[in-house]
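> please find the sequence and the predicted model below.
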Amino acid sequence: MAEPHPGTSCLLSDIETLCTVAHKRAEESDHNRALCPDVAEQLLESGFARYFVPAAHGGSQGSFRELAHALCVTSQACASAAWCGLIYATSGRMTAFLPEEGRTAVWRAGADRPIAAALAPAGVATPVDGGWRVSGEWGFLSGVDHSDWALVCVPGPVDTPGDPWFMALPRRDFTIRDTWFPVGMRGTGSNTLVAHDAFVSAGHAYRHEELVTASGAGPDAACFRVPLQAVAGLPFAALVVGIARGALDHWSSWAASRPVRNSESARLLMARSAAETDAAWLLVERAAQVADDVVQARRHAARNARDAAYAADLAKGVVNRLFEAAGSAAQHQRSPLQRAWRDIHAAASHATLRFDRHGTEFARSAWADDTALRQDIRDDGGRT
């Protein structure tokens, strides 16, 4: 695999230290069902929270390509740490669509504010003078225990029915209920946020549609001008491929020290797994390259979503195969391979990586514009 090297990062820094700390604490984070505090702190030190924060608020306005590389590398050390880094980065991007008042409030103390975001609508927003009163529960908020702010999604408020809204809540306005007892990705601490009658001013909210279409009045940087479909699954796919890369490295080291290395079946297993991991990463790289070009991202949004989902499917297949081949040696509680197997099934089940959904949408959009599809296949042999 043409693996990204930690030293190539420009906006994200000291990924090697993050990987060292995350790897050392991976088993403990998994056991505790939340990141160890020093891992969460190192995510901030490495720049994940500021990664998509607008430059006007001290952030990096980063590229999707660099983020994908960093997530792939970090997930080889600890998938849960990479997942929380992903959430911090993408939640910052989502928060950037708030009106200026909201952005200023969130980043008044600096760009390194960890934010947890909920994409699924829940709760209720009741209109009051100057904004809304928000109450409800939002589950599966990864990294919420370490977050200073939360961005919750609320069904169309009573005064503006229809499209859901995102609303920003400071840490003082919500509590956390311990509900995260999963099989995989245990270290993400994806607990439930609870808000009761929290006031959200009009300047701390925006319509869901503005994020989906990138059509709001937010910052002008390229990372804020691409449609959600083109980028939603990309970072998750990069993380999933990283899990497969880490599992392959572990299995290969294990097999190389045993007589099994001389068997043709083991050699073919290693070769096929490496080829499929490489193929998955190439799909992620192309999608990231497209995502960093606003014109191409709008043109290939459905293809990007398809590629992210398919890359995750390939990577999951690799880990399944390696886990089965390792036999009883992989069943031990402390085996990195069993944790990779649990983590990749949990991570690849994310809604942004459902191939049935995104494959169907790609085919629908392609058949709706058959001329564009044929041109896409001809361009650079299918490469953008």
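Received the coordinates, thanks.
> just the strands in this protein please.
Assigned by DSSP state E, the strands in the chain fall at 115-117, 124-128, 131-141, 149-154, 165-170, 175-177, 191-201, 205-207.
> tilt between the fourth one and strand 191-201?
Right, the one you point to is strand 149-154. 80 degrees (axes from the mean of the first three to the mean of the last three C-alpha atoms, to 10 degrees).
> packing partners for strand 149-154?
Here strand 149-154 touches helix 79-95, strand 115-117, strand 131-141, strand 165-170, strand 191-201, going by 3 or more C-beta pairs under 8 Å, 6 or more residues apart in numbering; DSSP states H and E. Using the backbone N, CA and C atoms, a C-beta is placed for each residue, glycine as well.
> ok, and what's touching that strand?
Residues outside strand 149-154 that contact it (C-beta atoms under 8 Å, 6 or more residues apart in numbering) are 91, 94-95, 106, 113-125, 132, 134, 136, 138, 141, 144, 164-171, 174, 193, 195, 208.
> now the residues you listed: which count as buried?
By neighbour count, with 16 or more other C-beta atoms under 10 Å, the contacts of strand 149-154 hold 91, 94-95, 106, 113-119, 121-123, 125, 132, 134, 136, 138, 141, 144, 164-169, 174, 193, 195, 208 as buried.
> for residue 255, which of the strands of the chain is the nearest?
strand 131-141 (35.9 Å; C-beta to C-beta).
> thinking again about what came up before, figure out which of the helices and strands packed on strand 149-154 is closest to residue 321.
Judging these by C-beta to C-beta, what sits closest to residue 321 is helix 79-95, at 18.1 Å.
> for that closest one, packing partners?
When contacts are defined as 3+ C-beta pairs under 8 Å, 6+ apart, helix 79-95 packs onto helix 15-32, helix 37-45, helix 64-77, helix 100-106, strand 115-117, strand 149-154, helix 234-256, helix 336-348.
> burial measure for residue 335, as a count.
17 (other C-beta atoms under 10 Å).
> surely it touches residue 323?
No: the pair residue 335 / residue 323 is not scored as a contact, 9.4 Å apart, by C-beta atoms under 8 Å.
> please convert the helices and strands packed on strand 149-154 to JSON lines, extending it with mean pLDDT.
JSON lines is the format used below for those (pLDDT from 0 to 100):
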{"stretch": "helix 79-95", "mean pLDDT": "98"}
{"stretch": "strand 115-117", "mean pLDDT": "97"}
{"stretch": "strand 131-141", "mean pLDDT": "96"}
{"stretch": "strand 165-170", "mean pLDDT": "97"}
{"stretch": "strand 191-201", "mean pLDDT": "98"}
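> closest to residue 102 out of the ones you listed?
strand 165-170 (5.4 Å).
> and the helices and strands packed on helix 79-95: which comes nearest residue 285?
Here helix 64-77 is closest among the helices and strands packed on helix 79-95 (C-beta to C-beta), at 7.3 Å.
> okay, now the unreliable bits of the stretch 101-250 of the chain?
By pLDDT under 70, the low-scoring segments of the stretch 101-250 of the chain are 157-161, 216-217.
> swap in 90 and give it another go.
For the stretch 101-250 of the chain, residues meeting the criterion pLDDT under 90 lie at 118-119, 156-163, 215-220.
> what's the longest helix seen in the chain packed up against?
Looking across the chain with DSSP state H, the single longest helix is helix 264-291. Counting contacts by 3+ C-beta pairs under 8 Å, 6+ apart, helix 264-291 is packed against helix 64-77, helix 228-231, helix 234-256, helix 294-299, helix 301-326.
> the first one to helix 264-291, inter-axis angle?
This points to helix 64-77. Using the same axes, to 10 degrees, the direction of helix 64-77 lies 150 degrees away from that of helix 264-291.
> tell me what angle helix 64-77 forms with helix 234-256.
Per the same axes, to 10 degrees, the angle that helix 64-77 makes with helix 234-256 is 40 degrees.
> alpha carbons of helix 64-77, in PDB - could you do that?
This file holds the C-alpha atoms of helix 64-77, laid out as PDB (Å, rounded to 0.1, in the frame of the first residue of the first chain):
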ATOM      1  CA  PHE A  64      -9.700  16.600   2.700                       C
ATOM      2  CA  ARG A  65      -6.600  14.800   1.300                       C
ATOM      3  CA  GLU A  66      -4.400  15.600   4.200                       C
ATOM      4  CA  LEU A  67      -7.200  14.600   6.700                       C
ATOM      5  CA  ALA A  68      -7.700  11.300   4.900                       C
ATOM      6  CA  HIS A  69      -4.000  10.500   5.200                       C
ATOM      7  CA  ALA A  70      -3.800  11.400   8.900                       C
ATOM      8  CA  LEU A  71      -6.900   9.400   9.700                       C
ATOM      9  CA  CYS A  72      -5.500   6.300   7.800                       C
ATOM     10  CA  VAL A  73      -2.200   6.500   9.800                       C
ATOM     11  CA  THR A  74      -3.900   7.200  13.200                       C
ATOM     12  CA  SER A  75      -6.400   4.400  12.900                       C
ATOM     13  CA  GLN A  76      -3.600   1.900  12.500                       C
ATOM     14  CA  ALA A  77      -2.500   2.800  16.000                       C
END
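> okay then, goodbye and thanks.
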